[in-house]
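Undergrad: sequence first, predicted model second:
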Amino acid sequence: MRKRMLQSGIQRKYLKYTITLLALALCLSSIGVWAYMQKSVRKTIVDKYRFIDEKMGIALDNMYRKSDEVTAECIVYDDVQKSLQKNEMEEVNRTALSKYFAYIDLDYVSEYCYVDNKCNVYSRYYSDVSYADFKQSGFEGKLGGDYSKTVWFWADDNLFGTGEPSLFIGRYVRSMEYAHEPGMLFLKMDEKYLDKVVSNGVSEEAFASGIMDANGNLCSLNAPEEMWIPMEDISLKTTDREGDGMILDGMEVSGGVVSAYRQKESGFIVFSFVPDSVLNSGTRSMLFVLAGIYVIVIAIALVLSIYFSQRFTRPIQDISEAMSSFDGKDFDHTIELETHTELDQIGRSYNEMLGNIEELLEEIKIQQQELRTSELNMLISQINPHFLYNTLDTIYMLARINKEETTMKMIQALSKYLRLSLSKGKDVVTVEDELENVKSYMEIQQIRNENLFRYEIDCQVDPKQTYVLKLVLQPLVENAIKYGFCDIYEGGFIRIEVKKVEEALEFAVYNNGMSMEEETVQKLNVLNGLPLSKVKDCFPDKNRGYGLVNIITRLRLKYGDEVRILYHVESEGTSCVIRIPGGEGHVE
């Protein structure tokens, strides 16, 4: 069976195409399944970390509200309100006020600075912050134009002298009883203040979370040391987004996806970055399972393809062997198939073909016998032209003996005409022979119709080296004599001109007889554009137009459809032009 399978070209092609289609189907399905799985897994992972972002965002909201409540409590504190009055506070009260801010209900306050409306500065005893230091820090401009709003800002510590970037919480402190200039409160927060947000409940090693201010400055980051994070890309995409809450939900960035949450009042942004390695990790195991399934499918498909291809191609092999072993003699070696498919019809057609071939061979044997008989008759008939030439020569000699000049000329012209017309069976003759043929014909007509016409021949090509289909001029001259000179008895003139025009061989026959009607000229010229099958239909009367139809048919069969026969009405008479374009077919 294996040998039979390998010898079957159809089966090999069937297996090749089947495997190709199977591979294409598996490839396309794997791409679709992979894309769907990757999208599904990515969505699951992004949703998971989106929840973490929202959790961190809520923590940030709570921290801001807590800071706002604490700063509001500071404002209503008695000593704080007293510090805003016109009179200066006593030293004891000032000392107590400086210590008050150290005990406010807010975690991770590392430094504080309160400046009243009389340029007094209250801070930790070891901070030694002066009003000049406060003015140089530029923090006054950080509070903006809001009446009394808790402001978070990330800035270099130019107030307490460390110079390190830190989170500051600031707020105007206004008097609740008098319209005085407000004081200003600034709290410097320890880095743990924001770190507890990004690390709260997050234990993923391959996951990065962080906090940025409204300007995109990184304030806190929790990420593995070896992880690369595209901070510029993340900063650009988050700061460009408007609104608050979840402003980014699994947006693709370089190397992964990012989600972000903007705290409404502070403008601070908490974000999470999930690298591609985490996103794709969930699809690897599924890919291995899918690859295993595909391997099993391919194996099963190959076994089934080989089995079915053998069943399908076995009848074809039987037909092929029967045709290959046919030697042209044994017509009884037929095929019997029972596949209940189109192959049964092929087998029956093959059997019918054998029967037809047998019948055709019998017919060919009969035709060969008839052909031998016809060839013998042709050999006999070839004696007739020689007998005719010899008879004409005998008549010519008798006319010469009796000195009958007219009879001599007519017999001589007729002999030339017949010799050139037969041309030993050739279709193509030299222009010289064609002109000699038509000249003989015109001499015979001149003898028959004395003084009816005279003729002139102008050949502008080499007549011995230029060839043309024979007997194309005689029918035109015959039409000129028969129709052009039908109403005259003398003075007729025929001019034949042969020349080359733009690489085309051109024959022109002019007669000065009765001009052809314009309607007839147009009808004849239209014949050049008609198929040969319709040319004869233009001449329902077989006695008229036969010569012209014969010329058109022979020329177009020999030289192609570009051959043209054109009639022109002259001032006196009519001319007919035969043009064989391209210079092909007339030079041998």
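TA: Arrived safely.
Undergrad: next, give phi and psi for the spatially closest residue to Thr341 that is not a sequence neighbour.
TA: Distance criterion CB to CB, 6 or more residues apart in numbering; nearest residue to Thr341, sequence neighbours excluded, is Pro315 at 7.9 Å. Bear in mind the C-beta positions are built from the backbone N, C-alpha and C, glycine included. Dihedral angles of Pro315 (phi, psi; degrees, to the nearest 10) stand at phi -60, psi -40.
Undergrad: Pro315 - how many residues pack around it?
TA: 18 (other CB atoms under 10 Å).
Undergrad: and Lys558, by the same measure?
TA: Close neighbours of Lys558, defined as other CB under 10 Å, add up to 16.
Undergrad: gap between it and Glu502?
TA: Per CB to CB, to the nearest Å, Lys558 is found 20 Å from Glu502.
Undergrad: could you do Met212 as well?
TA: Following CB to CB, the distance that separates Met212 from Glu502 is 85 Å.
Undergrad: next: Asp195.
TA: The gap separating Asp195 from Glu502 is 97 Å, by CB to CB.
Undergrad: neighbour count for the two, which is higher?
TA: Neighbour tally, Asp195 and Glu502, criterion other CB under 10 Å: the higher count belongs to Asp195, 16 against 9.
Undergrad: what sits against the more buried one?
TA: If a contact means CB atoms under 8 Å, 6 or more residues apart in numbering, then Asp195 has 220, 222 as its contacts.
Undergrad: for it, pull up the helix or strand it's in.
TA: Here Asp195 sits within helix 192-199, counting by DSSP states H and E.
Undergrad: what's the next secondary structure element after that helix?
TA: Scanning onward from helix 192-199 (DSSP H and E), the first element met is strand 208-212.
Undergrad: which strands and helices sit next to that following strand?
TA: Other helices and strands packing on strand 208-212, by 3 or more CB pairs under 8 Å, 6 or more residues apart in numbering; DSSP states H and E, are helix 9-76, helix 192-199, strand 218-222, helix 231-240, strand 269-275.
Undergrad: change it to 10 Å
TA: helix 9-76, helix 192-199, strand 218-222, helix 231-240, strand 256-262, strand 269-275 (3 or more CB pairs under 10 Å, 6 or more residues apart in numbering; DSSP states H and E).
Undergrad: any idea of the angle the last one forms with helix 9-76?
TA: Put simply, strand 269-275 runs at 160 degrees to helix 9-76, going by axes from the mean of the first three to the mean of the last three CA atoms, to 10 degrees.
Undergrad: the third one too?
TA: Per the same axes, to 10 degrees, the angle that strand 218-222 makes with helix 9-76 is 120 degrees.
Undergrad: please enumerate the strands of the stretch 401-550 of the chain.
TA: Counting by DSSP state E, counting those that start in this stretch, the stretch 401-550 of the chain has strands at residues 428-430, 453-459, 467-469, 492-501, 504-511.
Undergrad: parallel or antiparallel, list what pairs with the third one.
TA: Spelled out, it's strand 467-469. strand 428-430 (antiparallel) (DSSP bridges).
Undergrad: same deal with the longest one?
TA: Paired with strand 492-501 in the same sheet, following DSSP bridges, are strand 453-459 (parallel), strand 504-511 (antiparallel).
Undergrad: roughly how far is the last one from the heart of the chain?
TA: So the one you mean is strand 504-511. How far strand 504-511 lies from its chain's middle: 54 Å, per CA atoms, centre = their mean, to the nearest Å.
Undergrad: shift numbering so it begins at 888
TA: Taking 888 as the first residue, the last one we looked at is strand 1391-1398.
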